[in-house]
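**Student:** Provided below are the primary sequence and the corresponding predicted coordinates.
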Amino acid sequence: MAVYTEVTDEALRAFLTDYELGGLIAFRGIAEGVENSNYALRTESGDFVLTLYERRVDPAELPYFLGLMEHLARAGLACPTPVRGRDGEALRELAGRPAAICTFLEGVWPRRVRPEHLAPLGDALARLHAASGDFAGRRPNALGPAGWAPLLEACRGRGDEVQPGLMAELEAQLADILAGWPAADALPVGQIHADMFPDNVFFLPDAEGRPRVSGIIDFYFACTDLLAYDIAVCLNAWCFEADGAFNLTKARAMLATYQAVRPLSAAECAALPVLCRGAAIRFLLTRLYDWTHTPADALVTRKDPLEYLRKLRFFARVESPGAIGA
Ligand SMILES: Nc1ncnc2c1ncn2[C@@H]1O[C@H](COP(=O)(O)OP(=O)(O)O)[C@@H](O)[C@H]1O
Ligand SMILES: N[C@@H](CCOP(=O)(O)O)C(=O)O
């Protein structure tokens, strides 16, 4: 699932008259994704993705997301380019929802992450950070440290049903993380993706058959925050095996190519363990919130919060940045 808002053939054809994309050839709802309604479109001009923004996206923030994607695509990053209508506007309305069309990116996201994915990932992440350096937009991270205690509070009463003692453990972890969190001006800040999970990064084989990044999608958590926090998100999302073991080889491969583009300062390396703990609790808390607030029969697939409890515990035990590849 993610088609919350149905679009009729007639409504879509009428919508497309505001663009110079030619006539509609075919369209279908895309089942993947959780936040918004997505449709794959084929028009006489090629393939596109139509997104209808659902309730969790604040319409006032859409110009930031679309502007950032346009900026990065112009700088050569493989990310969706918002398509502007005849009037120059990319953000429009369809079926009562804010809506935009973006270019379709080829490639597939890795269902099983292999060590060979990590080098191209690190390179792409560093290029994203470098290319957004001159982007003028700003968006505070709503799911940053200040947002974690309210999320924890919203899960009170239900969290311990997921695992006995969970709430007390998370409270203690959160206090510890916040006490060690770097000051906003202590580390380099810029535009970060903030949700660079495997399902948001597409790959295609290069001439030698090695994976190369062909697309980065889903910029709807992007924000202005510590650049190294994006690395921490990737260490969480890409460097653990199915049995829960942290894969140091993967972490080192990603950090090496990242640093070939943007070397980390000593302060960023030192902060990486706490940033990883922060990223772990951030995804744990949003998953826990969804787990405890989404009816079990809802069409959306709820993600396992306890996967991130195991990662959180791992990062809490890390004694030096070297143990996680920095
Ligand atoms: N620009 C794009 N090119 C190709 N496929 C896309 C593009 N944008 C989204 N998709 C497809 O739509 C799915 C859901 O997109 P995503 O942005 O992750 O949705 P959500 O924000 O609802 O989680 C992706 O897994 C991918 O299959
Ligand atoms: N990556 C997050 C969930 C966000 O979902 P997405 O489909 O918008 O990437 C998680 O795994 O908890």
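**Tutor:** Received the coordinates, thanks. If you're wondering where the values come from, they're calculated on a predicted model, not measured in any experiment. Ligands and ions are numbered 1, 2, ... in the order given.
**Student:** Tell me if residue 215 really is in a strand.
**Tutor:** Yes - checked against DSSP: H, G, I helix; E, B strand; the rest coil, residue 215 lies within a strand.
**Student:** what sits against residue 96?
**Tutor:** Residues near residue 96 by Cβ atoms under 8 Å, 6 or more residues apart in numbering: residue 5. No exception for glycine: its C-beta is placed from N, CA and C like everyone else's.
**Student:** How many residues are close by whichever residue of the chain sits closest to ligand 1?
**Tutor:** Nearest residue of the chain to ligand 1: residue 33, at 2.6 Å (Cβ to the nearest ligand atom). By other Cβ atoms under 10 Å, the residues close to residue 33 number 18.
**Student:** Now it: which helix or strand?
**Tutor:** Assigned by DSSP states H and E, residue 33 belongs to no helix or strand.
**Student:** confidence score at it?
**Tutor:** Confidence at residue 33, expressed as pLDDT, is 76.
**Student:** same deal with residue 275?
**Tutor:** The model's pLDDT for residue 275 equals 98.
**Student:** Number of residues surrounding the residue nearest to it when sequence neighbours are not counted?
**Tutor:** Leaving aside its sequence neighbours, residue 275 sits nearest to residue 232 (Cβ to Cβ, 6 or more residues apart in numbering; 3.7 Å). When counting by other Cβ under 10 Å, one arrives at 23 neighbours for residue 232.
**Student:** Near ligand 2, which residues of the protein are found?
**Tutor:** 33, 34, 35, 195, 197, 199, 200, 218, 283, 286, 287, 303 (Cβ under 6 Å from any ligand atom).
**Student:** mind redoing it with 5 Å?
**Tutor:** 34, 35, 195, 197, 283, 303 (Cβ under 5 Å from any ligand atom).
**Student:** which ones among those residues are found in strands?
**Tutor:** Cross-referencing these against strands under DSSP state E gives no overlap.
**Student:** any idea which of the residues you listed is closest to residue 222?
**Tutor:** residue 195 (8.0 Å; Cβ to Cβ).
**Student:** Hmm, residue 221 and the closest one touching each other?
**Tutor:** Yes - Residue 195 lies in contact with residue 221 (Cβ atoms under 8 Å); the separation is 4.1 Å.
**Student:** Who are the packing partners of whichever helix in the chain runs longest?
**Tutor:** If you go by DSSP state H, the chain has its longest helix at helix 266-293. Applying 3 or more Cβ pairs under 8 Å, 6 or more residues apart in numbering; DSSP states H and E, we find helix 266-293 packed against helix 145-154, helix 159-162, helix 166-180, helix 227-238, helix 305-317.
**Student:** helices or strands next to the first one in the packing?
**Tutor:** Under the contact criterion of 3+ Cβ pairs under 8 Å, 6+ apart, the helices and strands touching helix 145-154 comprise helix 166-180, helix 266-293.
**Student:** And the contacts of it?
**Tutor:** With contacts defined as Cβ under 8 Å, 6+ apart, helix 145-154 is touched by 141, 143, 159, 167, 170-171, 174, 177-178, 181, 278, 281-282, 285-286, 288-289, 293.
**Student:** Repeat that for the third one.
**Tutor:** The contact list for helix 166-180 (Cβ under 8 Å, 6+ apart) reads 145, 148-149, 152, 155-156, 159-160, 274, 277-278, 281, 284-285, 288, 309, 312, 316.
**Student:** State the helix or strand in which the spatially closest residue to residue 61 that is not a sequence neighbour lies.
**Tutor:** Once flanking residues are discounted, residue 61 sits nearest to residue 139: 6.2 Å by Cβ to Cβ, 6+ apart. Here residue 139 sits in a region with no helix or strand, counting by DSSP H and E.
**Student:** okay but residue 139 is in contact with residue 224, surely?
**Tutor:** Yes - Residue 139 is within contact range of residue 224, at 5.6 Å (criterion: Cβ under 8 Å).
**Student:** Quick one: end-to-end distance for stretch 310-324.
**Tutor:** Start-to-end span of stretch 310-324 (Cα to Cα, to the nearest Å) is 15 Å.
**Student:** tell me the mean pLDDT for that stretch?
**Tutor:** For stretch 310-324, mean pLDDT is 96.
**Student:** any weak-confidence spans in this structure?
**Tutor:** 1-2, 295-300 (pLDDT under 70).
**Student:** got the domain boundaries for it?
**Tutor:** Domain assignment for the chain by automatic domain parsing gives 9-103, 115-324.
**Student:** measure the first one end to end?
**Tutor:** Domain 9-103 stretches 20 Å from its first residue to its last (Cα to Cα).
**Student:** Dump the C-alpha coordinates for stretch 186-198 into CSV.
**Tutor:** Presented in CSV, the C-alpha positions along stretch 186-198 are these (Å, rounded to 0.1, in the frame of the first residue of the first chain):
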residue,chain,number,x,y,z
ALA,A,186,29.8,22.3,17.1
LEU,A,187,29.7,20.3,13.8
PRO,A,188,29.0,21.1,10.1
VAL,A,189,25.3,21.7,9.4
GLY,A,190,23.6,21.5,6.0
GLN,A,191,20.7,19.9,4.2
ILE,A,192,20.4,16.2,5.0
HIS,A,193,18.2,13.4,3.6
ALA,A,194,17.5,12.0,7.1
ASP,A,195,15.8,8.8,5.8
MET,A,196,18.5,7.3,3.5
PHE,A,197,17.3,3.7,4.0
PRO,A,198,17.9,0.9,1.4
